[in-house]
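> model this:
(chains A and B)
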Amino acid sequence: MSFRASFIGNQGRLASVGIMLLLVIALSWVYFKAESVSAERHFAYTQELRDLRELDARVDGQLMANRLEQVRNYDALTAYMQGAAQAVKFAFDVPDFLADRDRELVSDIARTLDYMLARKADLVDQFKRDNSVLRNSLAIFPVITREFLENSGHYSKNNETLDHVDKFTREVLAFSHTPSRDGLARIKAAQAEIDELSLSGDLQATITNIVRHGETISSRRLALDTLMQEIAGLRSDEFLQSLNRTYEEGHASAHAMASRYRSALYVLALLLTSFLAWLFIRLDTTRRSLAQAHGELSERYAAQLAVEKQLTLHATAFRSAHDGITLTDASGNILDVNPAFSRITGWERSEVIGRNPRVLKSGRHDLAFYQAMWKSISESDNWRGEIWNRNKYGEVYPELLSISAVRDQFGKLSNYVAVFSDIGRIKAQEKQLTKMAYYDALTELPNRTLLADRLVQGIAQTRRSQTLMTVCYLDLDGFKPINDTWGHEAGDSVLVEMANRMRSMLRGGDTVARLGGDEFVMLLLGFAHIGECESAVKRLLKQVSLPLNMLPEVVSISASVGVAIFPHDDQDPDTLLRHADQAMYRAKQEGKNCFQIFDAEQDRFTRSRHDHVARIHQALDDGEFVLYYQPKVDMRIGKVIGAEALIRWQHPERGLLPPIEFLPFVEDGDLIKWIGDWVIETALTQMEAWREAGLEVPVSVNLAGRQLQSPDFVEKLKGSLQRHPTVSTLLELEILETAALEDVVKTSRVIDDCRELGVNFSLDDFGTGYSSLTYLKRLPAKTIKIDQSFVREILSDFNNLVIVQGVIGLANAFQREVIAEGVETAEHGRLLMQLNCDHAQGYGIAKPMEADALPGWVKNWRPDPLWESIRHLHWGSIDYPLLIAEIQMRNWVAQIVYAANEGQPIQNKNPDDVTACDFGRWYYGQTQIRYMPYPVFADIEPTHRRLHEIAGRIDNAWREGRLNDCRALIPELLAARDSTMELLRELQMQVAVIRA
Amino acid sequence: MMPRKYLIALILAALFGGALVWVASDKLPGGSTNHAAPSTLSQSILPSGAALLPLPLPDNQPVEKVLLGQRLFSDQRLSHNDTIACISCHDLSRAGDDQLPVSVGIDGKLGAINTPTVFNSGLNFVQFWDGRAASLEAQAKGPVHNPIEMGSNWSEVIEKLNKDENYRRDFAKIYPDGITGENIVNAIAAFERTLVTPNSRFDRFLRGEKTALNDLEQAGYQHFLDYGCASCHQGAGIGGNMFQRFGVMDDYFAGREPKNVDLGRFNVTGREEDRHVFKVPSLRNVALTEPYFHDASARTLEEAVVLMGRYQLGRKLTMAEVDSITAFLRTLTGEWQGRTLQ
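Residues are numbered from 1 along each chain as shown, chains lettered A, B, ... in the order given. Take a look at the predicted model:
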């Protein structure tokens, strides 16, 4: 245990590293020691020694072989001797693993041996020389002696000489075979005998030569023997053996030493291995225990995390619960409450912690109640019920309380949990639900259900009070295009605005409800007579048609209102509503922006739309429709330029009916297309008839949107034109601007196709839609017809004048023709001519007439003299303010005249201030520079001033209550107006440009 | 955790396996390489008893070294004034010597001794007449430094050769230490060892082509053996493997003007017994290497044979014998580069 501790500690680690290091160092040292006896080196050295011995032995062998004439050349001998001399040098290089003492010993022997071999080489060299000479003499000796002996006859027969030589020869040969001291002596003796002979010339030389060779043989033989002995005496082989032995001993002892080191190495390696093994086992044991500990920790940590997560969850639930939660200990003291508790009871958390929930008691429940409650808790650990409690501010409120007892693992009561919800909130929700059932979500107006209820109440109340109740059924005109143009959000905002406007008109007991879409119903109670009803409805219409500001553009929409008045129309609520609906429908037919009071008389005709359609269809079949024609003229050149065909229904019972009476019923069906076809066909036929009668009048025909959109329209038109080829180029088509905009792409394609057939288009009622310049650009209609609602008002409504002027400018800019509808007076026509619009149509020219009447009318028509007077004049746009000033003045006067007649205050402040009116602002403004050159401009000033004087007088009279005086001043005012107008006209004439 | 454990185990196993393989492959330390190293014995000529032996073919020498040696052999820059090359005296087109009594060295200086042929010089057991050089390498140093031969020294020669980019490159290819005296003579000696002239008619005869020699020549060969010529002129080189005194049977130098070179090996060892002792020259190509003997005293082959008979063999040869022996000697002319020497 203590070792383990020290092992784990820092010192222990240092110690174990130290042990390892020491072991490794020792191991390395011993390893090098053990390896020092290189087997390789030993093998090489031994080989060298063996080679040396071998070479030395071979030298000896070659010596002997040469000596014995077995070998007669010295190549091998020389090679071996040189080899040995070389090999001994290698032996000097004693392996260094030998102990120093041994190495010195071996070196010494090697050096001796080297010296010895050098000596031997010398001796061998000598041997070669002597052996050669001996061999040579031995070869010659027998030859020359034989020659001498055989040729002895040539010489004098001297037997003595012969004998001596013979003896010498034999002695030499014998000696050469077996040398001996005696032999040598005998040779000497024989030689001496020969020397004693006195011989002549040749013989002497021959014998001397024999003797010389003999001497050579004997001496060299002896010398060779001595050499051989000396070589043998060197005992090089023994030295070699000794060298070898000494080396082997040295090696053996070195090897033994190395073996000991190897043993030590083995032991050390074993030690190191055991140490490592021990370390590994320890490490493994530690690792296992660590892994186990890690596993346990991980589990605990995971569990902890899960608990934390759950706690967070519970805490979140606790904090964000809508219900109040109270936690108490076993004795009922509050441990914690949630925010909902504080919200419901008014008690802050810090105020109630540690207190008993009985602070909440309202005192409304008796003791028995609480006893029953606690009985239930102690029996079933649970209680649930409604209870009245008191909040911090003393208010008593109902709550739905649920109490649960919490017990620990031993079943001992440890806590109570009380959860309660404020029932007051539930009640509020009920109220909300109710509202949803009776009110429209968008406008928050009562819906149809609540309306029915109010209607019942209204009827009852009206009966009681003996007054009139008005049921107004209101439908917005032109609401759909708003939706289409700016989207439903814009539409919704318009609906909300309308709701607010209607709501603002309500008095006590009145109701406004939304039935859905753009349909509203107003119940207005307590009217004394029907006039009151009507003026109320008018107010309603006015309110509705006020400009709307919440849209991208300022627009006004109107409404059509149907009115049913109770008890004049003494019906049940449903019927009243239906009658109002029918009246509304009639109002629509009447041209919108108006109201109709339900007339029981008319009820039969308007019972149902279905009846109408069937009847209209029958009218078409029965030929009850007729075409009326309204001429179109060019006011400047005084010529009829065409006619517009207008459909009428010659109703057998109701007389002549305008299209508004029947077309709205068929707009959405196929019938409208058939009617359209009939109109085109009829118009073409009529033109043919007129043409035959000598009158060529272009006729324009109104097209319904639906007819235009029908796929076969162009084909059908083509067929009609082919049937009436002579007048085919005289046909024009008119389409409502609003209808054209329904599908601009399709419409423009149809217009293009028709143009190819020679049929041009007019955009009818231009200005009533939501035309943008882009659309106008894309609709290739030839003509633009300014809607009569604008034209009619140009003399009295400054805004309409501006609109008309704008449309004319637009048409000119797009190079379209323009024609004004609704020209009701010559004045209208004059103003339009001044604004550069020469084409006109309207009651001021001619009302629609039957076809038969037209030729006569054309023949007799002359343009108005007013127009004739200015037919050559044109006004540039710079003078438009001048034209407009006239209108402004006229309007200003009209207001004062109205006020004077009605006895109402003049709305213009300071009527005697000449610069306060629009005209004055124009007159005294920038205009002066332009018109100063014209004397008549200066003349205007006093008459204008007079206008204001009279107006001031009227104002004073009204202030002093002299209403009659007010009215009396009117003619004077009008006279001043007219003289001013006259001067203005004169100015207009003077500034105008005369054009051919 | 687990992968690291496996990794350690894998490394340990690999180390252990590697060690096993290493131990197994080295069980016989250096065994095979050592056996490959040739011993002096295996190279030696197998002993053959006959006096004369056919000329062996030259050892294989490294080609690059031989080519370098050949270039050096004919390079005059090895002399002091760039006039004398090895080849100036050892003219390979003149049987390896200059066929002059003594050679002409630097500045026209005359040598003291007859120039031996360079052909087959590798077979000589020592070099020079007095055997003072134990090897061809040692020999090659001699003339370079000899003031009457090339008259130069290594530092001078090396400086000159170092200026030659080709030499620098070629030496560097073979010798790590580049151009040195040792390397110069090593290359030259390697070239000289290739100057072997095998395939003489006599060699062919010895190999069994009995018609290679005519009767006269065969008779000469017999005399050569019988009369003791072959006692000294033996072996493959027919001489060149021993020393012998000039004047064995009679005093050759008696009555001649004594010259230092006549002392022979005495000049090397200083031993009395070596006075007038010379290396027995090889008789290969002897017909082409006149004049003969160290002092060029024999102008013709016949003269040399007669003198040899008299002073070395102690025998007076008849004209017929001389004729046959010289005829035999002329069969010893061998081939070099595929052609018989001229």
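> what's the nearest residue in the stretch 551-700 of chain A when you look at chain B?
Proximity of the stretch 551-700 of chain A to chain B (CB to the nearest CB) peaks at A:Pro552, 69.9 Å away. (Glycine included, C-beta is placed from N, CA and C.)
> the residue nearest to that residue when sequence neighbours are not counted: how many residues sit nearby?
Using CB to CB, 6 or more residues apart in numbering or on different chains and skipping the chain neighbours, the partner closest in space to A:Pro552 is A:Trp486 (6.2 Å). Neighbour count of A:Trp486, defined by other CB atoms under 10 Å in any protein chain shown: 18.
> next: A:Glu590.
Neighbour tally, A:Glu590, other CB under 10 Å: 15.
> return the residues in contact with it.
A:Glu590 is in contact with A:560, A:596, A:660, counting by CB atoms under 8 Å, 6 or more residues apart in numbering or on different chains.
> pLDDT below threshold where in the chain?
All of this is about chain A. A:1-9, A:152-158, A:424-436, A:600-610, A:768-774, A:996 (pLDDT under 70).
> my bad, the chain I had in mind was chain B
Within chain B, the segments meeting pLDDT under 70 span B:1-9, B:11-48.
> with adjacent residues omitted, what lies nearest to the one residue in it that gets nearest to chain A?
In chain B, no residue comes nearer to chain A than B:Gly228, which is 3.2 Å away by CB to the nearest CB. Of all residues not flanking B:Gly228 in the chain, A:Asn136 sits nearest, at 3.2 Å (CB to CB, 6+ apart).
> residue contacts, A:Glu644?
When contacts are counted by CB under 8 Å, 6+ apart, A:Glu644 touches A:629-630, A:632, A:699-700, A:702, A:734, A:841, A:848.
> then B:Arg315?
By CB under 8 Å, 6+ apart, the residues touching B:Arg315 are A:140, A:144, A:209, B:227-228, B:249, B:309.
> recalculate using a threshold of 10 Å.
Contact partners of B:Arg315, counting by CB atoms under 10 Å, 6 or more residues apart in numbering or on different chains, are A:136, A:139-140, A:143-144, A:209, A:213, B:227-229, B:249, B:308-309, B:321.
> circling back: save the contacts of A:Glu644 as JSON lines, and put in neighbour count and distance to A:Arg921 too.
Listed next are the contacts of A:Glu644 as JSON lines, based on neighbours: other CB atoms under 10 Å in any protein chain shown; distance: CB to CB, whole Å:
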{"residue": "A:Tyr629", "neighbour count": "24", "distance to A:Arg921": "45"}
{"residue": "A:Gln630", "neighbour count": "20", "distance to A:Arg921": "40"}
{"residue": "A:Lys632", "neighbour count": "27", "distance to A:Arg921": "37"}
{"residue": "A:Val699", "neighbour count": "25", "distance to A:Arg921": "47"}
{"residue": "A:Ser700", "neighbour count": "28", "distance to A:Arg921": "42"}
{"residue": "A:Asn702", "neighbour count": "21", "distance to A:Arg921": "43"}
{"residue": "A:Glu734", "neighbour count": "19", "distance to A:Arg921": "40"}
{"residue": "A:Gln841", "neighbour count": "26", "distance to A:Arg921": "35"}
{"residue": "A:Pro848", "neighbour count": "20", "distance to A:Arg921": "42"}
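> a markdown table for those, including distance to chain B and secondary structure?
Output for those, formatted as a markdown table (distance: CB to the nearest CB, whole Å; DSSP: H, G, I helix; E, B strand; the rest coil):
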| residue | distance to chain B | secondary structure |
| --- | --- | --- |
| A:Tyr629 | 103 | strand |
| A:Gln630 | 101 | strand |
| A:Lys632 | 99 | strand |
| A:Val699 | 99 | strand |
| A:Ser700 | 94 | strand |
| A:Asn702 | 91 | strand |
| A:Glu734 | 90 | strand |
| A:Gln841 | 99 | coil |
| A:Pro848 | 102 | coil |
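> related to what we said a few turns ago, residue contacts, the residue of the stretch 551-700 of chain A closest to chain B?
By CB under 10 Å, 6+ apart, the contact set of A:Pro552 is A:485-486, A:490.
> of all the residues you listed, which comes closest to A:Ala645?
Nearest to A:Ala645 among those, counting by CB to CB, is A:Thr485 at 31.1 Å.
> give me phi/psi at B:Leu52?
Dihedral angles of B:Leu52 (phi, psi; degrees, to the nearest 10) stand at phi -110, psi 140.
> residues touching A:Ile887, list them.
A:794-798, A:800-802, A:831, A:918-919.
> let's see 6 Å
Contact analysis of A:Ile887 by CB atoms under 6 Å, 6 or more residues apart in numbering or on different chains lists A:Leu801.
> show me the domain layout of the chain.
Went with chain A since none was named. Split into domains by automatic domain parsing, chain A comes to A:321-428, A:439-607, A:611-871, A:882-994.
> correction: the question concerned chain B.
With domains defined by automatic domain parsing, chain B comprises B:63-193, B:201-336.
> any idea which residue of chain A lies closest to chain B?
Counting by CB to the nearest CB, chain A gets nearest chain B through A:Asn136, at 3.2 Å.
> which other helices and strands does the helix or strand hosting A:Val804 contact?
Using DSSP states H and E, A:Val804 falls within helix A:798-813. Judged by 3 or more CB pairs under 6 Å, 6 or more residues apart in numbering or on different chains; DSSP states H and E, the packing partners of helix A:798-813 are strand A:783-786, helix A:788-792.
> got the contact list for it?
For helix A:798-813, contacts defined as CB under 6 Å, 6+ apart pick out A:767, A:784, A:786, A:790, A:793-794, A:818, A:835-837, A:887.
> neighbour-wise, which one of the residues you listed leads?
That'd be A:Ile786 among those, by other CB under 10 Å, with 31 neighbours.
> quick one, what contacts that one?
By CB under 6 Å, 6+ apart, the neighbours of A:Ile786 are A:766, A:804, A:807, A:820.
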